[in-house]
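**Student:** The amino acid sequence is not available; the structure is as follows:
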């Protein structure tokens, strides 16, 4: 390598570093935010909708869509679940079986495993309900820099829960891959999942 | 009760080296105060410690948690990191007290570092009135660019880069603005008039950005919905409050600083050095 070409490479490298620092690393391949390397790999210990203790290892080898919500959620959660169901409908049958949708309730007070099971089963087989105690939930939400909080209960004891509105997508080995926000359409989500699945093969 | 206090003072994301820096500065300062034992140190000490503690609180206590998950608290955090805290610290002129309290090796080290040509040259460069104004406003705009703000709130590394850059730039800017020495004392002690122009130049862009955020009909920063808020609050109210904080108190700091500078100018005009000279009537400011 001549001194000159070395200099050119150094400048190109520096420019890349600056661009990456500015948050625009490479080509925008997905509609969703590419979070590979930005967010840590999936790790948790929670209770599933059968009342069993589960960890991330139980979902190894499958693509995972993680969403934080609660079953009493009036709008965002059912809408997001429906969007995911519709997006999965756009995948080939054999591929669809390799996708898990993890609906993580941040409202364990009201969302018992039984209740979660009723809720998730209404969306399809791919949907799994998860929840945990406050320590387990805090650990996992902090890991992904998201949070949740409870509103004041009304006279009927009903309260709102603030939570993340994003879908986190993890690869088969639990690698963080995509962050899908509310503005992404069903078709865009299907296309993103296809691209991701193709890149994993 | 104790649990509650412990929860509040526990850093949400502990940064040991940051805590160490704050502890070192506080220790030097307090030691300096004790060594000097001067009554007129009392007011500056109050300003300095208030500034230092407020900057620590917004970065290394549970307040940081709320700043990460509420836009308006994030804006208040940056108001303290970039405006209020550094303003109070610069106003207190802490160098003499810090030097009196710091161990000799640290004083020597700092002096040696400051004398290194690359450092003194870059310092002069970033303290140039135009550069310092562009940096001051530019950083606010940079981190509030929606796509950049998104990544900054999601990536732990960028988040700390954002907060530290605001704190350091705030210190540099107000240090330059509130330097009480007569203009021309050092190469970065600019005239009062020039400093007032800079102070007023940084005001309209901050007002424009704050007003844009406060009056936007839709969500400008979706990362707070993506990450969830610390408690249920209407997203638009959160955004409006954040916009107002960016708009009004931030710009008002320029007005307060102007009043202080005018007072400095007044003092310099009457100081014996100037009075003895020939230019009593035509002050350079």
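**Tutor:** Yes, it's here. Remember, predicted model here, so these are calculated numbers, not experimental data.

**Student:** Show me what residue A:128 bridges to in the sheet.
**Tutor:** In this entry, residue A:128 is beta-bridged to residue A:102, by DSSP bridges.

**Student:** State the distance from it to chain B.
**Tutor:** 20 Å (CB to the nearest CB, to the nearest Å). Where C-beta positions appear, they are placed from N, C-alpha and C, glycine not excepted.

**Student:** Below-threshold pLDDT in chain A: ranges please.
**Tutor:** Residue ranges of chain A with pLDDT under 70: A:1-28.

**Student:** Leaving out chain neighbours, which residue sits closest to the spatially most central residue of it?
**Tutor:** For chain A, the residue nearest the mean C-alpha position is residue A:168 (1.7 Å; CA atoms, centre = their mean). Nearest residue to residue A:168, sequence neighbours excluded (CB to CB, 6 or more residues apart in numbering or on different chains): residue A:66, at 4.4 Å.

**Student:** again with residue B:219
**Tutor:** Residue B:219 sits nearest to residue B:235 (CB to CB, 6+ apart), 5.8 Å away.

**Student:** sorry, back to before: what's opposite the residue nearest to residue A:168 in the beta bridge?
**Tutor:** Going by DSSP bridges, residue A:66 forms beta bridges with residue A:102, residue A:168.

**Student:** So it sits against residue A:164, correct?
**Tutor:** No - counting by CB atoms under 8 Å, residue A:66 sits too far from residue A:164 to count as a contact (9.6 Å).

**Student:** Which positions in chain A make contact with chain B?
**Tutor:** Residues of chain A found near chain B (CB under 8 Å from any CB of the partner chain) are A:21-24, A:33, A:35, A:38-39, A:68, A:141, A:145-151, A:160-166, A:179, A:181-183.

**Student:** Mind checking which of these are in strands?
**Tutor:** The strands, defined by DSSP state E, take in A:33, A:68, A:149, A:150, A:161, A:162, A:179 from the residues of chain A next to chain B.

**Student:** May I ask which of those residues has the most neighbours?
**Tutor:** residue A:68 (27 neighbours; other CB atoms under 10 Å in any protein chain shown).

**Student:** which residue ranges form the helices in chain A?
**Tutor:** Secondary structure of chain A, counting by DSSP state H: helices at A:3-21, A:76-89, A:93-96, A:113-121, A:134-143, A:186-200.

**Student:** which stretches of the stretch 101-250 of chain B aren't confidently modelled?
**Tutor:** Using pLDDT under 70, nothing in the stretch 101-250 of chain B is flagged.

**Student:** can you list the residues of it near chain A?
**Tutor:** Residues of the stretch 101-250 of chain B lying near chain A (CB under 8 Å from any CB): B:147-148, B:150-156, B:158, B:161, B:222, B:225-233.

**Student:** Can I have the buried ones of those residues as a PyMOL selection?
**Tutor:** To isolate the buried members of these in PyMOL, using 16 or more other CB atoms under 10 Å in any protein chain shown:
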select buried, chain B and resi 148+150+151+152+153+154+155+158+222+225+226+227+228+229+230+231+232+233
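
**Student:** Which of the residues of the stretch 101-250 of chain B next to chain A fall in helices?
**Tutor:** Per DSSP H, those map to helices at B:147-148, B:150-154, B:156, B:158, B:161, B:225-227.

**Student:** Quick check: the farthest pair among these?
**Tutor:** Maximum pairwise distance among these (CB to CB): 23.1 Å, between B:161 and B:225.

**Student:** Can you give me the buried ones in stretch B:35-55?
**Tutor:** For stretch B:35-55, by 16+ other CB under 10 Å, it's B:41, B:44, B:45, B:47, B:48, B:49, B:51, B:52, B:54, B:55.

**Student:** Just put those residues in JSON lines and tack on pLDDT, distance to chain A and secondary structure.
**Tutor:** JSON lines is the format used below for the buried residues of stretch B:35-55 (pLDDT from 0 to 100; distance: CB to the nearest CB, whole Å; DSSP: H, G, I helix; E, B strand; the rest coil):
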{"residue": "B:41", "pLDDT": "92", "distance to chain A": "42", "secondary structure": "helix"}
{"residue": "B:44", "pLDDT": "95", "distance to chain A": "37", "secondary structure": "helix"}
{"residue": "B:45", "pLDDT": "97", "distance to chain A": "37", "secondary structure": "helix"}
{"residue": "B:47", "pLDDT": "97", "distance to chain A": "34", "secondary structure": "helix"}
{"residue": "B:48", "pLDDT": "97", "distance to chain A": "33", "secondary structure": "helix"}
{"residue": "B:49", "pLDDT": "97", "distance to chain A": "31", "secondary structure": "helix"}
{"residue": "B:51", "pLDDT": "98", "distance to chain A": "28", "secondary structure": "helix"}
{"residue": "B:52", "pLDDT": "98", "distance to chain A": "27", "secondary structure": "helix"}
{"residue": "B:54", "pLDDT": "98", "distance to chain A": "24", "secondary structure": "helix"}
{"residue": "B:55", "pLDDT": "98", "distance to chain A": "22", "secondary structure": "helix"}
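
**Student:** Can you tell me the element the nearest residue to residue B:247 once chain neighbours are set aside falls in?
**Tutor:** Excluding the flanking residues, the one nearest residue B:247 by CB to CB, 6+ apart is residue B:210, at 2.5 Å. Residue B:210 is part of helix B:203-215 when elements are defined by DSSP states H and E.

**Student:** What lies in contact with that helix?
**Tutor:** Residues outside helix B:203-215 that contact it (CB atoms under 8 Å, 6 or more residues apart in numbering or on different chains): B:137, B:140-141, B:144, B:220, B:239-240, B:242-248, B:250-251, B:254.

**Student:** Filter those residues down to the buried ones and express that as a ChimeraX selection.
**Tutor:** In ChimeraX, a selection of the buried entries from the contacts of helix B:203-215 looks like this (16+ other CB under 10 Å):
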select /B:137,140,144,239,240,242,243,244,245,246,247,250,251,254
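
**Student:** Can you flag which of the contacts of helix B:203-215 belong to helices?
**Tutor:** Counting by DSSP H, these contribute B:137, B:140-141, B:239-240, B:242-248, B:250-251, B:254 to helices.

**Student:** tell me which of those residues is nearest to chain A?
**Tutor:** residue B:141 (13.0 Å; CB to the nearest CB).

**Student:** ok, the closest one - contacts?
**Tutor:** Applying CB under 8 Å, 6+ apart, we find residue B:141 in contact with B:205, B:209.

**Student:** Quickly find the element holding the closest residue to residue B:63 other than its chain neighbours.
**Tutor:** Excluding the flanking residues, the one nearest residue B:63 by CB to CB, 6+ apart is residue B:57, at 5.6 Å. Assigned by DSSP H and E, residue B:57 belongs to helix B:42-60.

**Student:** going on from that helix, what's the next piece of helix or strand?
**Tutor:** helix B:63-69.

**Student:** who's in contact with residue B:30?
**Tutor:** residue B:101.

**Student:** Report the secondary structure element holding it.
**Tutor:** Using DSSP H and E, residue B:30 falls within helix B:16-36.

**Student:** Show the average pLDDT along that helix.
**Tutor:** Averaged across helix B:16-36, the pLDDT comes to 96.

**Student:** Figure out how far that helix is from the centre of its chain.
**Tutor:** 18 Å (CA atoms, centre = their mean, to the nearest Å).

**Student:** and the angle for it with helix B:42-60?
**Tutor:** Angle, helix B:16-36 to helix B:42-60, by axes from the mean of the first three to the mean of the last three CA atoms, to 10 degrees: 170 degrees.

**Student:** and which of the ones in strands among the residues of chain A next to chain B is nearest to residue A:110?
**Tutor:** residue A:161 (9.1 Å).
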